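Student: Make a model of this:
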Amino acid sequence: MKKAGEKVDINHALMRGLRRGIAIYTNEVGFTCYRRQVQMLAQKGRLAVVFSDSALAYGVNMPFRSCLFCGDMGDSLTPLIAQQMQGRAGRRGMDTQGNVIYLGMDWPYIENLMLGQISMVTGKNPRYPIMALQGALAASNNPEDKTHFIHVTEDDPDVYTPFGNAICKRERVKKCHPTITDEMMDWMTNTTLEEFCQGKISETYLANSTHIIQSLGYVNNDLTLAMPHNVLTMVWEMFKYLPEAIHLCAVLEQMYNRFCANKTKSYQTSDLAQNEFLAVLVHVVDRVLVKEGEASLQQLLGIMPSADRSTPLNEDAVSTWLDTEAALIKQQEVIEDMNIEESEKAKMRLVLPAGGGENDLGPPLDKELYEMLVSKQKGFREDQTMDRRNEIKDRIVRLGEICLVAHNNLQQPHGKHVALELHFRRMFNNIKYSVADMMTQLSDQPDITEV
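Tutor: Numbering: from 1, shown residues only. Next up, the predicted model:
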């Protein structure tokens, strides 16, 4: 493991387990090098016991003599997953015997796992509302498309920017553009496999998607880009989190004015700027309703009075919050005014809509993620349940993925929003260290054995 360049603590609980032939292979243990070593040791027969979840169900070559299911796992253990995990026991060509053991389960539950029908496998819908943006971005990078090519100077459209010259030089060496043609866009937005199997034909999705990106203000009527290139690539690459991407784009100008325009370097690199930046970011992308009886994010930030009214209001924070809320509401109104199907609107709506709430501050949001990152809390609190810990971990990882995509795109020198790169980079690093602390706390245990 040291050869892979990763720091290894030989006294870590996971390392102590490997020395004793015991390993953990779950979705919670995300150390790539460790998981790889577990696979290699299992294939060599060096491990006696491996504790796992659905991570061991698909795409992993780890044969065993016996497979043990412990306890009633409800809907989380389906016949499909059970069948895949049972296949680890008694692999053909590797073993002559395989044992499958069900422990602590009622017979009807076991019978369903053994004889139940394999659940229907459903794929992800290949189409999403802003698909047409992919074609517009491809055209904007095509030096042969004089109408849409954007890497030119403002004074003279016949003079290319350094980035535009680099694209043209690459094009002369090897023709790469257009990366997405109109024909390709028709293929991607045409009838899906599901529609084909149902005897349906769909030929209007590209037109609807074009209408959507025009309504959002991403492109003009001739499909030339109406926003900076790096901002739109950020939105497109973040289609996995489409509602958050669309609404983050709506507040990006506000974030630039608040944290970059006419700001000193000392302010931009300060913890104060980072905390205020995080407050806006969480407001947009981590919209989770506060649990009953707990203080909300608005109360923690001093935007609304606490339950005992001991915390004074922070007028600056109130102003920033109201500006963000107004931008989110305006974007919601744009989406609702579109002449498209309701199902497409639903794909772009925030899980917790903006607006309403006390003093028009929106719904009370959960503060756990913000509080953990601001306080640089090492791992979880002792009073948090395992379900709560996993929920927070998933949310913070999700926020990290959004920051990573935003940073990687905004750092491109295509406009003033490149200045936000610093804030997204610092936020991602903060999240990276926080996740490392979480994983250490989840996996590390004191050594209570006698060697």
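Student: Next, the contact list for residue 42, please.
Tutor: Residue 42 makes contact with 23, 50, 62, 63, 64, according to C-beta atoms under 8 Å, 6 or more residues apart in numbering. Just so you know, the C-beta spots here come from the backbone N, C-alpha and C atoms, and that holds for glycine as well.
Student: So residue 67 lies in a helix, does it not?
Tutor: No. Read with DSSP: H, G, I helix; E, B strand; the rest coil, residue 67 is strand and lies in no helix.
Student: so where is the stretch 51-200 of the chain shaky, pLDDT-wise?
Tutor: For the stretch 51-200 of the chain, the stretches flagged by pLDDT under 70 are 59, 116-121.
Student: Would you map the strands across it?
Tutor: 66-70, 99-103 (DSSP state E, counting those that start in this stretch).
Student: Now do the first one: which elements does it pack against?
Tutor: In terms of contact count using 3 or more C-beta pairs under 8 Å, 6 or more residues apart in numbering; DSSP states H and E, strand 66-70 is assigned the packing partners helix 79-86, strand 99-103.
Student: can you check the last one too?
Tutor: Contacts defined by 3+ C-beta pairs under 8 Å, 6+ apart place strand 99-103 against strand 66-70.
Student: and the strand it packs on, which residues are buried?
Tutor: 67, 69 (16 or more other C-beta atoms under 10 Å).
Student: Which helix or strand contains residue 280?
Tutor: Per DSSP states H and E, residue 280 falls inside helix 271-285.
Student: and the following helix or strand past that helix, average pLDDT?
Tutor: Once helix 271-285 ends, the next helix or strand along the chain (criterion: DSSP H and E) is helix 297-300. Regarding helix 297-300, the rounded mean pLDDT is 90.
Student: Report the distance from helix 297-300 to the chain centre.
Tutor: A distance of 24 Å separates the centroid of the chain from that of helix 297-300, by C-alpha atoms, centre = their mean, to the nearest Å.
Student: Can you tell me what sits against it?
Tutor: Taking C-beta under 8 Å, 6+ apart as the rule, helix 297-300 contacts 279, 282-283, 290, 304-307, 311, 321, 361-362, 364-367, 370-371.
Student: re the thing from before, single out the most deeply packed of the helices and strands packed on strand 66-70.
Tutor: Highest mean neighbour count among the helices and strands packed on strand 66-70 (mean count of other C-beta atoms under 10 Å): helix 79-86, with a mean of 18.
Student: okay, the angle between that one and strand 66-70?
Tutor: Orientation of helix 79-86 against strand 66-70 (axes from the mean of the first three to the mean of the last three C-alpha atoms, to 10 degrees) gives an angle of 140 degrees.
Student: name the helices or strands packed onto helix 79-86?
Tutor: Going by 3+ C-beta pairs under 8 Å, 6+ apart, helix 79-86 lies up against strand 66-70, helix 107-115.
Student: Work out the gap between it and the centre of the chain.
Tutor: Using C-alpha atoms, centre = their mean, the offset of helix 79-86 from its chain centre is 27 Å.
Student: With stretch 165-179 instead?
Tutor: 32 Å.
Student: end-to-end on it?
Tutor: 17 Å (C-alpha to C-alpha, to the nearest Å).
Student: what comes up buried for that stretch?
Tutor: Within stretch 165-179, judged by 16+ other C-beta under 10 Å, the buried ones are 167, 177, 178.
Student: Was I right to think the last one contacts residue 138?
Tutor: This means residue 178. Yes. Residue 178 is within contact range of residue 138, at 5.2 Å (criterion: C-beta atoms under 8 Å).
Student: Quickly find the element holding residue 243.
Tutor: Per DSSP H and E: helix 242-259 holds residue 243.
Student: Run through who's touching that helix.
Tutor: Here helix 242-259 has contacts from 128-130, 216, 227, 231, 234-235, 238-239, 268, 273, 276-277, 280-281, 284-285, 320, 323-324, 327-328, 330-331, 335, 347-351, 402, 406, 416-417, 419-420, 423, using C-beta under 8 Å, 6+ apart.
Student: By neighbour count, sort out the buried ones in those residues.
Tutor: 128-130, 216, 227, 231, 234-235, 238-239, 268, 273, 276-277, 280-281, 284-285, 320, 323-324, 327-328, 331, 335, 347-348, 350, 402, 406, 417, 419-420, 423.
Student: quick one: residue 374 from residue 46, how far?
Tutor: Using C-beta to C-beta, to the nearest Å, we find residue 374 at a distance of 44 Å from residue 46.
Student: dump the residue contacts of residue 67.
Tutor: Counting by C-beta under 8 Å, 6+ apart, residue 67 has contacts 85, 86, 88, 89, 98, 99, 100, 101.
Student: can I assume residue 192 is in contact with residue 203?
Tutor: No. Using C-beta under 8 Å, residue 192 is not in contact with residue 203; the gap is 11.8 Å.
Student: In CSV, list the helices and strands packed on helix 79-86 along with distance to residue 392.
Tutor: Output for the helices and strands packed on helix 79-86, formatted as CSV (distance: least, C-beta to C-beta, whole Å):
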stretch, distance to residue 392
strand 66-70, 26
helix 107-115, 31
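Student: Find the nearest non-adjacent residue to residue 193, please.
Tutor: Leaving out its chain neighbours, the residue that sits closest to residue 193 by C-beta to C-beta, 6 or more residues apart in numbering is residue 123, at 7.9 Å.
Student: Validate this expectation: residue 348 resides in a helix.
Tutor: No. Counting by three-state DSSP, residue 348 is not part of a helix but coil.
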